[in-house]
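*Asks:* Just need the structure, nothing else, for what follows:
(one chain, ligands or ions: 1)
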Amino acid sequence: MTDKRVLICYRVADLAEAPPASSIVAQCAACGAAVWMALSSPDADEIICMHCLPQSLSRDKAEGRPLEFEKPTDEQLKELRDYYNIK
Ligand SMILES: [Zn+2]
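*Replies:* Numbering: from 1, shown residues only. Model (predicted):
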């Protein structure tokens, strides 16, 4: 088990306009893409964009963590958020 906290963010390029919550532009730890991170986001050890989420999960699985989805559905994303304690 790990207590690494991963924050999943939308890429700036994927959203037509800035999200409603006060956000800053951060960088995906995996691909370097610009992502929106809400100022109200919980502290995270790593910021991952939606595109890198599946790869990140594969890596986590290799480290002994259980969840992996190729293309997560909304329901699975919810599960992932719960798993990673993402609010
Ligand atoms: Zn990325």
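
*Asks:* Any idea how many residues pack against residue 22?
*Replies:* Using other CB atoms under 10 Å, residue 22 has 9 neighbouring residues. C-beta here means a position set from N, CA and C on the backbone, and glycine is covered the same way.

*Asks:* Would you mind naming what in the protein lies close to the ion?
*Replies:* Contacts of the chain with the ion, taken as CB under 5 Å from the ion, map to 28, 30, 31, 33, 49, 52.

*Asks:* got the residue ranges for the helices in the chain?
*Replies:* 53-62, 74-83 (DSSP state H).

*Asks:* Please work out the average pLDDT along the first one.
*Replies:* Model confidence over helix 53-62, given as mean pLDDT, is 71.

*Asks:* how near is residue 54 to the ion?
*Replies:* 10 Å (CB to the ion, to the nearest Å).

*Asks:* And that residue, how far from residue 30?
*Replies:* Per CB to CB, to the nearest Å, residue 54 is found 10 Å from residue 30.

*Asks:* now residue 11
*Replies:* Residue 11 is 12 Å from residue 30, by CB to CB.

*Asks:* what's the answer for residue 45, then?
*Replies:* 13 Å.

*Asks:* so who does residue 31 touch?
*Replies:* 49, 51, 52 (CB atoms under 8 Å, 6 or more residues apart in numbering).

*Asks:* go on, residue 49?
*Replies:* 8, 9, 10, 11, 28, 30, 31, 33, 35.

*Asks:* In terms of pLDDT, where does it sit?
*Replies:* pLDDT, residue 49: 90.

*Asks:* Skipping its backbone neighbours, what lies nearest it in space?
*Replies:* residue 28 (4.0 Å; CB to CB, 6 or more residues apart in numbering).

*Asks:* ok, of the contacts of residue 49, which one's closest to residue 78?
*Replies:* Set against residue 78, the nearest of these by CB to CB is residue 8 (11.3 Å).

*Asks:* Spit out the contact partners of the residue lying closest to residue 40 once chain neighbours are set aside.
*Replies:* What sits nearest to residue 40 in space, not counting adjacent residues and going by CB to CB, 6+ apart, is residue 21, at 6.1 Å. Residue 21 makes contact with 38, 39, 40 under the criterion CB under 8 Å, 6+ apart.
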